[in-house]
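In: Based on what follows, work out the 3D shape:
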Amino acid sequence: MTSSTWTLPGLHLTDLTLPVPLDHARPDSPTIELFARIVAEPDGQDRPFLVFLQGGPGSEAPRPLEASSPPWLARALRDHRVVMLDQRGTGRSTPVGLDTPLPDDAIDGAATLRDATAAQQAAYLTHFRADAIAHDAELLREHLGARTWSLLGQSFGGFTALRYLSAHAGSVDKALFTGGLPTVGPDMDAVYATTWDGMITRSERYWARFPEDRERFRRLADSAASGTLRLPDGQRVGVERLRRLGHLLGASGGQERLHYLLDLDPASPAFLHDLAAALPFGGRNPLYAVIHESCWADGVATRWTADRMMPDAVREDPTLLAGEHIHRDLFAEDPELAPWAEAADLLAEHEWPRLYDEQALRAADVPGAAAVYFEDAYVPRQYSLATAEMLSGVHPWVTSEYEHNGLRASGQGVIDHLLDLATGRRAA
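Out: As a prediction, this is how the structure comes out:
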């Protein structure tokens, strides 16, 4: 393990790199590099560790600029050193990209993923799920010499934290979840059916608030269907890609952001550039698109479940918007995603191993707390509460005050509430 230290105003930072196996089932497999940044107050370098598990999949940990960046950090630092972990394949942890050099001997005959066949790409990417991330984190804990540490999982980071509890509960002091308690078991189709129903409700709620926007959006969808809706760089935006603007509605302030976008002249440079910035599933973080559905796959193949479970009413009405629902058309329309299309098809047929051991979760005697957002667009409340019932030490907090991004949007509100619940300073 290598390390270096540096400072920001009010913060002491330690950057760490650690080699870990690409395939934890084969400890002698090629190694990738794991990066983490430990953030502490100048006088807090002996405090216990809290590892932050980022949402995604496919996004690196936040980069602090000050103690309030991200907004929850200052509260966490009062009691902890915060470990900002770049999950494998992101940030500085051997990032996944077509032209990023591969680890030595990772793929026979290929120096990069662009050189690899689709089958080789898919096989490589099977090693970037929550089970591998949790194992990486456990190796990091061991190298830091910490007997236990605490977990804070946002969204997909909560899925990873649940896997960590399933496999390494003895290493966890407490576990905090924010919009991130997934269902345990194989029925991911039911989850996606629920999220589609939720997005229909959110769409109609939005059009009721801004009725003039529906016709504007319908005209955009007509342009998308005819192939004339183009981004500034010439990329075509089809109906399904346009529909994914609905992801904005899953966060606080999302209705306003979508309205301000649709309020612009659709022929203006401002609109086209803002549209490009608002579309999800882009090329910056390819893992977010390519292995997105696998985060729900607890012992099953995904088989493009979001597309399979799309209601007929949504297919027939382009103004019924999508949230975190990946679609094959996105790989055809986005030139940065197109090279991943064949691998994505292969991964959709891959039979993923189980992520969670229900018996182990029920036996895990780990204190914690979970923020369950009443109308979470991405992680439905009923499944989160069913999983919370398996975790005897985790206190669920159901709130309608925040959306899926409540950890960030609340400033210190959500993290403070969860820490109080987990440590017994608050009962509910």
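
In: burial of A118, as a residue count?
Out: 16 (other CB atoms under 10 Å). Every residue, glycine included, has its C-beta placed from N, CA and C.

In: shift numbering so it begins at 498
Out: Right, with 498 as the first residue, what we last looked at is A615.

In: residues in contact with the helix or strand bottoming out on mean pLDDT in the chain?
Out: Lowest on mean pLDDT, DSSP states H and E among the helices and strands of the chain sits helix 826-830, with a mean of 91. By CB atoms under 8 Å, 6 or more residues apart in numbering, the residues outside helix 826-830 that reach it are 732-738, 741, 778, 786, 834-835, 837-838, 841.

In: go with 7 Å
Out: 732-735, 737-738, 778, 786, 834-835, 837-838, 841 (CB atoms under 7 Å, 6 or more residues apart in numbering).

In: and if you look at stretch 564-575?
Out: 507-508, 536-538, 541, 547, 559, 561, 579, 904-905, 908-909, 911-913.

In: for stretch 586-601, same thing?
Out: 519, 527-532, 555-558, 583-585, 607-611, 625, 782-784, 836.

In: So which bits of that stretch are buried?
Out: 586-588, 590-594, 599-600 (16 or more other CB atoms under 10 Å).

In: Now the terminal residues of that stretch, how far apart.
Out: With CA to CA, to the nearest Å applied, stretch 586-601 spans 15 Å between its terminal residues.

In: There's contact between A775 and L758 in this structure, I believe.
Out: Yes: under the criterion of CB atoms under 7 Å, A775 makes contact with L758 at 6.0 Å.

In: With neighbour numbers in mind, choose between those two.
Out: A count of neighbours by other CB under 10 Å puts L758 above the other of A775 and L758, at 20 against 14.

In: Now the more buried one: which helix or strand?
Out: helix 751-759 (DSSP states H and E).

In: And that helix, what does it pack against?
Out: helix 685-706, helix 708-723, helix 766-775 (3 or more CB pairs under 7 Å, 6 or more residues apart in numbering; DSSP states H and E).

In: And the first one, how far out from the chain middle?
Out: So the one you mean is helix 685-706. Mean C-alpha position of helix 685-706 versus that of the full chain (CA atoms, centre = their mean, to the nearest Å) differs by 19 Å.

In: follow-up on the earlier one: narrow the contacts of stretch 564-575 to those in strands?
Out: Mapping the contacts of stretch 564-575 onto strands (DSSP state E) picks out 508, 536-537, 547, 579.

In: Need the max-distance pair from the residues you listed.
Out: Spanning the widest gap among the ones in strands among the contacts of stretch 564-575 are L508 and L547, at 14.7 Å by CB to CB.

In: how is the chain carved up into domains?
Out: The record's domain parsing of the chain by automatic domain parsing lists 499-682+852-919, 685-845.

In: Which of the ones you listed has the highest mean neighbour count?
Out: For these, the largest average neighbour count (mean count of other CB atoms under 10 Å) is found in domain 499-682+852-919, namely a mean of 20.

In: distance between the ends of that domain?
Out: Domain 499-682+852-919: ends 33 Å apart by CA to CA.

In: Hmm, A919 is touching K671, no?
Out: Yes: counting by CB under 7 Å, A919 touches K671, with 4.7 Å between them.

In: Spell out which residues are contacts of both of those two.
Out: By CB under 7 Å, 6+ apart, the residues touching both A919 and K671 are 864-865.

In: re earlier: rebuild the helices and strands packed on helix 751-759 as TSV, extending it with distance to R825.
Out: What follows is the helices and strands packed on helix 751-759, written out as TSV (distance: least, CB to CB, whole Å):
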stretch	distance to R825
helix 685-706	15
helix 708-723	16
helix 766-775	21
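
In: among those helices, which is nearest E886?
Out: Closest among the helices and strands packed on helix 751-759, using CB to CB: helix 685-706, at 16.7 Å.

In: tell me the angle of the closest one relative to helix 751-759?
Out: 60 degrees (axes from the mean of the first three to the mean of the last three CA atoms, to 10 degrees).
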